[in-house]
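Student: Kindly return the folded structure for what I paste below:
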Amino acid sequence: VELSLPAIVTTDLRLNEPRYAKLPDIMKAKKKPLDVKRPEDLGVEVATRTKLLKVEPPAERQGGIKVGSVDELVDKLKNEAKVIS
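Tutor: Residues are numbered from 1 along each chain as shown. You can find the predicted model right below:
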């Protein structure tokens with residue numbers, strides 16, 4: 001789709017709702033021939049072009065701690081984690 005700017009594009013509420021095929025159309029589709037094509041027939045190369053350099057597991061997380069009160073939490077955030085100034 002090509003259009004010149006400025007442009008307005010609108011969509012409908014039912015944009016992503018699938019259309020279901022009717023039973024007679026499904027029966028007709030079963031009778032049609034199916035052409036099987038290989039990538040070579042279309043001139044497409046399917047060889048992988050990515051190279052795996054290294055795989056590492058993620059760093060292990062440290063266990064959390066439980067605090068008894070809000071004051072203790074604020075104290076730990078200020079002094080140990082230095083998140084709150």
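Student: C-alpha from now on. contacts and neighbour counts both.
Tutor: OK.
Student: And the residue in the chain sticking out farthest from the centre, how far from residue 47?
Tutor: The centre of the chain is farthest from one residue, residue 71, which by Cα atoms, centre = their mean lies 41.5 Å away. Separation of residue 71 from residue 47 (Cα to Cα, to the nearest Å): 61 Å.
Student: Give me the buried stretch members for stretch 77-85, please.
Tutor: When neighbours are counted by 16 or more other Cα atoms under 10 Å, no buried residue of stretch 77-85 is found.
Student: what's in contact with that stretch?
Tutor: residue 74 (Cα atoms under 8 Å, 6 or more residues apart in numbering).
Student: Residue 82 is in what secondary structure piece?
Tutor: According to DSSP states H and E, residue 82 maps onto no helix or strand at all.
Student: quick one, phi/psi of it?
Tutor: phi 50, psi 40 (degrees, to the nearest 10).
Student: Could you measure from the residue nearest in space to the middle of the chain over to residue 83?
Tutor: For the chain, the residue nearest the mean C-alpha position is residue 16 (16.9 Å; Cα atoms, centre = their mean). For residue 16, the distance to residue 83 (Cα to Cα) stands at 45 Å.
Student: where do the helices sit along the chain?
Tutor: Secondary structure of the chain (DSSP state H): helices located at 23-31, 70-79.
Student: Worst mean pLDDT across the helices and strands of the chain, which element?
Tutor: The helix or strand of the chain with the poorest confidence is helix 70-79; it has a mean of 92 (mean pLDDT, DSSP states H and E).
Student: Quick check: phi and psi on residue 5?
Tutor: phi -90, psi 150.
Student: can you count the residues close to it?
Tutor: For residue 5, the neighbour count with other Cα atoms under 10 Å is 6.
Student: Okay, it and residue 12: tell me how far apart.
Tutor: 21 Å.
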